[in-house]
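Q: Below is the structure, and that's it, no one-letter string:
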C-alpha cells in the first residue's frame with residue numbers, strides 16, 4: 001500500500017473526510033432551502049425613495065360658540081339643525097324640491113332641483129306616513145367633519161306602523177363663507193355603525 005492510500009485509509013482521516021463531506025452537504029441543503037423559500041416574487045418590501053408616511057387627520061370635536069364640546073342635539077349649531085329639518089319634508093311628505101338644497105351631492109348624484117323634485121326614483125329612503133310630531137333626537141357624533149343623529153320617527157297613525165329609528169348624517173361642504181352643512185346619510189338606525197352612503201361624503 002503506498003503512502004497516499006495509507007493516509008486516506010487511516011481512521012482519523014476517514015473521520016475528517018466524513019465530517020467535511022457532511023458540512024458540504026448541509027451547506028448545500030441550506031442554500032437550496034433559502035433559495036426555494038425566497039420564491040420567485042421579486043417585489044421590494046422596502047419603501048420607495050419618494051415614500052412619505054401619512055397620518056390620518058385627527059378628529060376634532062364640534063364646539064359651541066362658547067367653546068364647549070357639543071354632546072347633545074340641542075347644542076348643535078343652528079345651521080346643522082336647519083339642514084336636518086329642511087331635508088325631512090322630502091322623505092316624509094314627498095316635497096323633494098324644498099329639501100334639495102339641504103341634500104348632499106352623494107345622494108342627489110348631481111341632479112338639479114327640478115329633476116330631484118320630479119324624477120320617479122331617488123337614491124334615498126322615503127318615510128311616508130311618519131311625522132316630526134313626537135319625534136326624538138339623539139346625538140351620536142359631532143365633529144367638524146361629521147354629525148350623526150338618530151331620529152326616532154313617529155307614525156302619523158297606528159295603522160302606518162311602529163316608531164322607527166333613522167340615522168341622519170351631515171357633512172360640511174364648501175369653505176369659509178360658502179361652507180354649509182348638508183345631509184349625506186339617511187338610513188335605518190339598525191346598527192351601531194353608520195355605513196358609507198352612495199359614493200362617499202364628498203364635499204370640502
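A: Now that the structure is in, tell me what you want to look at. Since we're looking at a predicted model, the values are computed, not measured.
Q: What's the end-to-end length of stretch 64-73?
A: Start to finish, the residues bounding stretch 64-73 are 12 Å apart (C-alpha to C-alpha, to the nearest Å).
Q: Give me the buried positions along it.
A: Neighbour counts over stretch 64-73 (16 or more other C-beta atoms under 10 Å) mark 70, 73 as buried. Every residue, glycine included, has its C-beta placed from N, CA and C.
Q: tell me the helices in this protein, going along the chain?
A: Shown for the chain, the helices assigned by DSSP state H span residues 3-9, 11-38, 78-93, 96-99, 105-108, 113-118.
Q: Give the other helices and strands that the third one contacts.
A: For helix 78-93, the contact count by 3 or more C-beta pairs under 8 Å, 6 or more residues apart in numbering; DSSP states H and E identifies helix 96-99, strand 130-142, strand 147-155, strand 164-173, strand 180-188 as packing neighbours.
Q: List the strands paired with the fourth one, with their directions.
A: Strand 164-173 has the following strand partners under DSSP bridges: strand 147-155 (antiparallel), strand 180-188 (antiparallel).
Q: can you list these in CSV and add distance to residue 86, mean pLDDT and mean neighbour count?
A: Below are the strands paired with strand 164-173 laid out as CSV (distance: least, C-beta to C-beta, whole Å; pLDDT from 0 to 100; neighbours: other C-beta atoms under 10 Å):
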stretch, distance to residue 86, mean pLDDT, mean neighbour count
strand 147-155, 14, 96, 20
strand 180-188, 8, 96, 21
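Q: a markdown table for these, including distance to residue 131?
A: Formatted as a markdown table, the strands paired with strand 164-173 follow (distance: least, C-beta to C-beta, whole Å):
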| stretch | distance to residue 131 |
| --- | --- |
| strand 147-155 | 6 |
| strand 180-188 | 16 |
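Q: For residue 114, find the nearest of those strands.
A: strand 180-188 (18.4 Å; C-beta to C-beta).
Q: hey, which helix or strand in the protein has the poorest pLDDT?
A: Least confident helix or strand of the chain, by mean pLDDT, DSSP states H and E, is helix 3-9 with a mean of 49.
Q: before we move on, the earlier item: out of the helices and strands packed on helix 78-93, flag the one nearest residue 120.
A: Between the helices and strands packed on helix 78-93, helix 96-99 lies closest to residue 120; by C-beta to C-beta that is 11.4 Å.
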